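Enquirer: based on what follows, work out the 3D shape:
(one chain, ligands or ions: 1)
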Amino acid sequence: MNLDSSPIAAIATAPGRGGIGVVRASGKNLQPLIAALFGATTLQPRHATYIPFRQADGAIIDQGIAIWFRGPNSYTGEDVLELQGHGGPVVLQMLLARVLEAGAELGLRLAEPGEFTRRAYLNDKLDLAQAEAVADLIDASTEAAAKSASQSLSGAFSRTVNDLVGGVTNLRMLVEATLDFPEEEIDFLEKSDARGQLAGIVTALETVFRQAAQGALLREGLNVVLVGQPNVGKSSLLNALAGNEVAIVTPIAGTTRDKVTETIQIEGIPLNIIDTAGIRNDDEAVDVVERIGIERTWGEVGKADVILHLLDAAHGPTRDDEDIVAAFPDGVPVLRIWNKIDLSGHKPSADVMPDATHVYLSANEKTGIDLLRAELLRIAGWQQTGESLYLARERHLIALKNAGVHLARAGEHAAQNDQSLDLFAEELRLAQVQLSSITGEFSSDDLLGVIFGRFCIGK
Ligand code: GDP
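Expert: Below is the predicted model:
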């Protein structure tokens, strides 16, 4: 990947047609680019200028708005030039090509994915958790996820983490000072209330972890696999849960040939539902396409957070159902769902049994669907607390957890009175390193590559 500091440009808007489209450039000094594009017309920083965008030979590509943000007052912290034209893929490609040509002497090149945001991070416009929140806001699949992402983007998560870092740093300073002046070491822990301070930090960390873990649910969602015999009502259940028609519902066995992934939401948590090809084992009825569908199904089942095993309440389990159950991977929770209770006469219910939780419902009549939703939320670990959540990533959760481990060890050393103050100090330092990695104070290039490489180009 080319990540030198030369100026970069890219189309910043999503591919496809739109009312407007934006080509964006960023570099330490874009004045020569502006001069090459617009000749004698100068742009005032942060002013919108309506202006023709021209080819080198003077032919007009488009008319639009040019805005120049003079560094450091810009998204990236460098000079940024935004050309807002009409949002057609061809016209934007022409405009981008023209910008690259006009900036050739400056060394202007096409931006790598996430490179604008990476520069914003490197120029201290955003910390790492905020930069991640940019991508998460763009990718948010529910309103609750978008809210939490903008919460993190505004710096709320970073501030909370920085408060924790501040608390740890304070305590470290106290301990380190005592280590430097051993004659004052006696009764240090008592006098400085170090244990009380540590307990306060641990409590605060637990709160942040809880908010982050709930927020992570909003980001990742739950992978739900629907399995069951053909015609048992998988497509109907998916539709009942989703509230719109996504799968083809038909009484002909084996029509749902391939997996259908649909993201629906329950209380803002995305559920990635994988409806599977009807699994059946009578060989003569199974053709090649269907066999591939069946193999894929089992591939998905192994990766799921929960398996919904759909059964017919009116007919009871078949031999094939027994085969399906036997093939379930260990460790993935299973919800046994008895559908078509309108035919069987069961009441809607959710019963916890030794083998699994059994839910009785009717996809067609939409009775018992709420019980299933509540069960899914329980499995997801969702607790409605009303407190604001941070759209955290796995990386953040691991860092918070590791910090907690170091703080717990620090607590053990503190319990030894003043004999192991140096070990106490070392654990505090390790906790601080973990916490600081969230906002990117100590981050390796590898980590930055992973984080920014997942952005779209132009972001
Ligand atoms: P799939 O093959 O498992 O995806 O099953 P479908 O969703 O296509 O449903 C098969 C048939 O069962 C359709 O005719 C549905 O209308 C019917 N069906 C699904 N759910 C119910 C239900 O709760 N009650 C009744 N009576 N019929 C249902």
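Enquirer: neighbours around the nearest residue to Thr367 once chain neighbours are set aside, how many?
Expert: The spatially closest residue to Thr367, leaving aside those adjacent along the chain, is Pro348, at 4.8 Å (CB to CB, 6 or more residues apart in numbering). The C-beta positions use only the backbone N, C-alpha and C, and glycine is treated the same way. Burial of Pro348 is recorded as 17 neighbouring residues (other CB atoms under 10 Å).
Enquirer: also Leu371?
Expert: Leu371: 18 surrounding residues under other CB under 10 Å.
Enquirer: got the phi and psi for it?
Expert: phi -60, psi -40 (degrees, to the nearest 10).
Enquirer: show me where the stretch 301-450 of the chain dips below the pLDDT cut-off.
Expert: 385-387, 417-418, 442-444 (pLDDT under 70).
Enquirer: spell out which parts of the stretch 351-459 of the chain neighbour the ligand.
Expert: Of all the residues in the stretch 351-459 of the chain, those in contact range of the ligand (CB under 6 Å from any ligand atom) are Ser362, Ala363, Asn364, Glu365.
Enquirer: secondary structure and neighbour count added to those, as a markdown table?
Expert: Supplementary listing: those in a markdown table, determined by DSSP: H, G, I helix; E, B strand; the rest coil; neighbours: other CB atoms under 10 Å:
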| residue | secondary structure | neighbour count |
| --- | --- | --- |
| Ser362 | strand | 23 |
| Ala363 | coil | 26 |
| Asn364 | coil | 17 |
| Glu365 | coil | 14 |
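Enquirer: so which pair among these is furthest apart in space?
Expert: Within those, two members stand farthest from each other by CB to CB: Ala363 and Glu365, at 7.8 Å.
Enquirer: for the one helix or strand Ile451 maps to, buried residues please.
Expert: Counting by DSSP states H and E, the element that carries Ile451 is helix 445-453. By 16 or more other CB atoms under 10 Å, the buried positions in helix 445-453 come out as Leu448, Ile451, Phe452.
Enquirer: and it, how far out from the chain middle?
Expert: Between the mean C-alpha location of helix 445-453 and the chain-wide mean there is a distance of 15 Å, by CA atoms, centre = their mean, to the nearest Å.
Enquirer: now for that helix, which elements pack on it?
Expert: Helix 445-453 sits against helix 115-122, helix 128-139, with contacts defined as 3 or more CB pairs under 8 Å, 6 or more residues apart in numbering; DSSP states H and E.
Enquirer: how about residues contacting it?
Expert: 1, 112-115, 117-118, 121, 128, 131-132, 135, 395, 437 (CB atoms under 8 Å, 6 or more residues apart in numbering).
Enquirer: mind doing that once more with 6 Å?
Expert: Pro113, Gly114, Arg118 (CB atoms under 6 Å, 6 or more residues apart in numbering).
Enquirer: not including adjacent chain positions, what is the nearest residue to Gly381?
Expert: Once its chain neighbours are removed from consideration, Gly381 has its nearest residue in Leu217; the separation is 6.8 Å (CB to CB, 6+ apart).
Enquirer: circling back: and of the helices and strands packed on helix 445-453, who's closest to the ligand?
Expert: Taking CB to the nearest ligand atom as the criterion, helix 128-139 is the member of those that comes nearest to the ligand, at 29.3 Å.
Enquirer: now that closest one: buried residues?
Expert: For helix 128-139, the neighbour count (16+ other CB under 10 Å) marks Leu128, Ala129, Gln130, Ala131, Glu132, Ala133, Val134, Ala135, Asp136, Leu137 as buried.
Enquirer: which helices and strands sit right next to the helix or strand following that helix?
Expert: Beyond helix 128-139 on the C-terminal side, the first helix or strand identified by DSSP H and E is helix 143-153. Judged by 3 or more CB pairs under 6 Å, 6 or more residues apart in numbering; DSSP states H and E, helix 143-153 is in contact with helix 128-139, helix 194-220.
Enquirer: would you map the helices across the stretch 201-350 of the chain?
Expert: Along the stretch 201-350 of the chain, counting by DSSP state H, counting those that start in this stretch, helices occupy 234-242, 288-303, 319-327, 341-344.
Enquirer: of all those, which one comes closest to Ser5?
Expert: Evaluated with CB to CB, these place helix 288-303 nearest to Ser5, the distance being 40.3 Å.
Enquirer: any figure for the gap between Ala14 and Leu343?
Expert: With distances defined as CB to CB, to the nearest Å, the gap from Ala14 to Leu343 amounts to 47 Å.
Enquirer: can you list the weak-confidence ranges in the stretch 101-250 of the chain?
Expert: Looking along the stretch 101-250 of the chain with the criterion set at pLDDT under 70, you get 181-189, 243-250.
Enquirer: can you list the residues of it near the ligand?
Expert: Counting by CB under 6 Å from any ligand atom, the stretch 101-250 of the chain comes close to the ligand at Gly228, Pro230, Asn231, Val232, Gly233, Lys234, Ser235, Ser236, Val249, Thr250.
Enquirer: out of the residues you listed, which end up buried?
Expert: Applying a neighbour-count criterion of 16+ other CB under 10 Å, the buried members of these are Gly228, Pro230, Asn231, Val232, Gly233, Lys234, Ser235, Ser236, Val249.
Enquirer: I'd say the fifth one and Glu365 touch.
Expert: It refers to Gly233. No. Using CB atoms under 6 Å, Gly233 is not in contact with Glu365; the gap is 11.1 Å.
Enquirer: now the strands for the protein?
Expert: For the chain, the strands defined by DSSP state E cover 8-11, 18-27, 49-54, 60-69, 79-87, 109-110, 222-228, 260-266, 269-275, 306-312, 334-339, 349-352, 357-360.
Enquirer: buried ones in the fourth one, by neighbour count?
Expert: It refers to strand 60-69. Along strand 60-69, the positions that meet the burial threshold by neighbour count (16+ other CB under 10 Å) are Ile61, Asp62, Gly64, Ile65, Ala66, Ile67, Trp68, Phe69.
Enquirer: residues contacting the fifth one?
Expert: The neighbours of Ala66, taking CB under 6 Å, 6+ apart as the test, are Leu43, Thr49, Ile51, Leu83.
Enquirer: same deal with the fourth one?
Expert: Applying CB under 6 Å, 6+ apart to Ile65 gives the contacts Ala48, Tyr50, Gln84.
Enquirer: ok, residues contacting stretch 328-339?
Expert: 233, 302, 304, 306-311, 313, 356-360, 363, 375, 379.
Enquirer: now do the buried residues in it.
Expert: Within stretch 328-339, the residues that qualify as buried are Phe328, Val334, Leu335, Arg336, Ile337, Trp338, Asn339, counting by 16+ other CB under 10 Å.
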